[in-house]
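A.B. asks: coords below, sequence missing:
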Ligand SMILES: [Fe+2]
Ligand SMILES: [Fe+2]
């Protein structure tokens, strides 16, 4: 499923020793706190994958790589996106940190040799979830929100919701995210808002208000 062209992991990745090499490559790319978060996401995603019948190996790899570009500067993200033809939306031009998900997915494919489209989708969609995502992408989105080092007030309730179903977990995590954006006067992506409304109300044009 994986191979890597990075100097620290030049052999195909599959077994335990390969996972150690992937962890080492990720650790060398991230500050300590971010690496701790990434490990938490990988472990949480692996557990949810086991619960919901997804590939635990894919969940682990997606969790490890999802924030591989999270520590890049806005200019680095913009330059990479433009140099690699990823395109930059108006929202991303205004808030380049949003690009870390799409840039991360591109690097996972081209630097770490990830070919599984579900892993790439999970990395790409972990900041802006949309309708129709795979279960693996939902799992990584949820794990990113509820991993143990997260401290937001609704974390335990969101984790409990994720134990009941992926839909309930997504709804709870989206609600917390939208509430956070609302508190900071930020506008959510329309596709993410439509997903939340459909999950909450069963229709994409619902009028559920966040308080
Ligand atoms: Fe992220
Ligand atoms: Fe993250």
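C.D. replies: All right, it came through fine. Computed from a predicted structure; not experimentally measured. Ligands and ions are numbered 1, 2, ... in the order given.
A.B. asks: tell me the contacts of residue 55?
C.D. replies: 49, 118, 136 (Cβ atoms under 8 Å, 6 or more residues apart in numbering). All C-beta spots, glycine's among them, are computed from the backbone N, C-alpha and C.
A.B. asks: for residue 103, that is, sorry about that
C.D. replies: Counting by Cβ under 8 Å, 6+ apart, residue 103 has contacts 69, 72, 77, 80-81, 86.
A.B. asks: And for residue 190?
C.D. replies: Counting by Cβ under 8 Å, 6+ apart, residue 190 touches no other residue.
A.B. asks: buried set for stretch 91-105?
C.D. replies: Neighbour counts over stretch 91-105 (16 or more other Cβ atoms under 10 Å) mark 92, 96, 98-105 as buried.
A.B. asks: So which bits of stretch 178-195 are buried?
C.D. replies: Applying a neighbour-count criterion of 16+ other Cβ under 10 Å, one finds 178, 181, 188-189, 192-195 buried in stretch 178-195.
A.B. asks: Among the residues you listed, which ones are in helices?
C.D. replies: Counted as lying in helices by DSSP state H, out of the buried residues of stretch 178-195, are 178, 181, 192-195.
A.B. asks: of these, closest to residue 169?
C.D. replies: Minimum distance to residue 169 across these is 13.1 Å, recorded for residue 195 (Cβ to Cβ).
A.B. asks: wait, the closest one sits on residue 129?
C.D. replies: Yes - with contact defined as Cβ atoms under 8 Å, residue 195 counts as touching residue 129 (6.0 Å).
A.B. asks: rewinding a little: tell me which of the buried residues of stretch 91-105 fall in helices.
C.D. replies: Among the buried residues of stretch 91-105, the residues falling in helices (DSSP H) are 92, 99-105.
A.B. asks: on that earlier part again, return the item of the ones in helices among the buried residues of stretch 178-195 having minimum pLDDT.
C.D. replies: Within these, residue 181 has the lowest pLDDT, namely 88.
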